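**Student:** Coordinates for the following, if possible.
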Amino acid sequence: MIPYFPQPAVHLGRVTIHAYGALAVVAVLVSLWVIVRRGRRMGIGAEEMFRLWFWMYVGAVLGSHLFRTVFEDFGGFLADPLRVFRIGSGVSTLGAATGGVFAALLWCRARRLSWFELLRRMDIVAYAIPTAWMFGRLGCALAHDHKGLPSLSWIAVQFPEGPRYDLGLLEFLFLVGVVGAFWVLDRRPRPAGFFLALYGLGYGGFRLWLATLRLGPARFYDGAAGVLLGLLAWTAMRSFERSRAASVLR
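**Tutor:** Coordinates of the predicted model:
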């Protein structure tokens, strides 16, 4: 069983920097670095990838906030609609993903990019997400802000109130495996949409399982949305590959 450690923190006078906040910043910076670096490798300029990343980040922040304040607590929103303008509502993975994807769609269509070029750019983003999100979930694991069901498993954490799963830790370990698998798979050329489909299906399936370990009612919509995105990406990838093969035969 994994021993419990309080969240690390650094005290600088009146300012306290917790591990969660520091790693959240690291996650954002890592996402930018990987996206720009991979975009250049795929023949897309650094400035263009930075602009795409910026608007996706804005969309993710807004989507996460709106999903938390409106959809996950609709009754509270009806009672106090002005709460949508208050910060500090937490992070919604589905809201962030939806907002980021929607922002990418708007940005690419505004630039009149083809659907294939949109898929290429989303595949670059999907390759970067596990690496960045890995740091974010490490912050969650150190902050212990996603406690799961009580368990005597070897991978449970010995919390002060008793052993239980730490869902942030489980997701961090899963993402370490995803990052390693992506690195190995990237040794060979892959069609546009490959990593988006793989991440959507793999991460979505993992979140479906992780929902069964939550305290309270299981929420399966995060995982279901990931699987749906993966299936759409796989369908688009196969469609473009068939079109390319048909054009070659002509």
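
**Student:** mind listing the strands in the protein by residue range?
**Tutor:** 2-3, 9-12, 15-18, 147-150, 157-159, 162-166 (DSSP state E).

**Student:** okay, the ones you listed, which one's buried deepest?
**Tutor:** Comparing the strands of the chain by mean neighbour count (mean count of other Cβ atoms under 10 Å), strand 162-166 ranks first with a mean of 19. Bear in mind the C-beta positions are built from the backbone N, C-alpha and C, glycine included.

**Student:** re earlier: include distance to residue 212 and mean pLDDT when you put the strands of the chain into TSV, please.
**Tutor:** As requested, the strands of the chain are exported to TSV (distance: least, Cβ to Cβ, whole Å; pLDDT from 0 to 100):
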stretch	distance to residue 212	mean pLDDT
strand 2-3	20	92
strand 9-12	32	88
strand 15-18	29	89
strand 147-150	8	94
strand 157-159	18	95
strand 162-166	10	95
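
**Student:** okay, these in a markdown table with distance to residue 141 next?
**Tutor:** What follows is those, written out as a markdown table (distance: least, Cβ to Cβ, whole Å):
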| stretch | distance to residue 141 |
| --- | --- |
| strand 2-3 | 10 |
| strand 9-12 | 15 |
| strand 15-18 | 13 |
| strand 147-150 | 11 |
| strand 157-159 | 9 |
| strand 162-166 | 6 |
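
**Student:** Quick one, which of these gets closest to residue 221.
**Tutor:** Set against residue 221 and scored by Cβ to Cβ, the strands of the chain come closest in strand 147-150, at 17.8 Å.

**Student:** Would you mind pulling up the elements that that closest one packs against?
**Tutor:** Applying 3 or more Cβ pairs under 8 Å, 6 or more residues apart in numbering; DSSP states H and E, we find strand 147-150 packed against strand 162-166, helix 167-185.

**Student:** Residues contacting that strand, please?
**Tutor:** With Cβ atoms under 8 Å, 6 or more residues apart in numbering as the test, strand 147-150 has contacts from 159, 162-167, 170, 213-215.

**Student:** Only C-alpha atoms, please: export that strand in CSV.
**Tutor:** C-alpha atoms of strand 147-150 as CSV (Å, rounded to 0.1, in the frame of the first residue of the first chain):
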residue,chain,number,x,y,z
LYS,A,147,-10.3,10.5,-3.4
GLY,A,148,-11.9,7.2,-4.6
LEU,A,149,-13.6,4.2,-2.9
PRO,A,150,-12.0,2.6,0.2
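
**Student:** That one: how far from the chain's middle?
**Tutor:** Relative to its chain's centre, strand 147-150 lies at 22 Å (Cα atoms, centre = their mean, to the nearest Å).

**Student:** List the buried residues in stretch 134-149.
**Tutor:** 134-144, 146-148 (16 or more other Cβ atoms under 10 Å).

**Student:** Quick one: residues contacting residue 160.
**Tutor:** residue 4.

**Student:** tell me which of the contacts of strand 147-150 is nearest to residue 94?
**Tutor:** The closest of the contacts of strand 147-150 to residue 94 turns out to be residue 214 (Cβ to Cβ; 14.0 Å).

**Student:** Quickly list what that closest one is bridged to.
**Tutor:** Residue 214 has these beta-bridge partners by DSSP bridges: residue 148.
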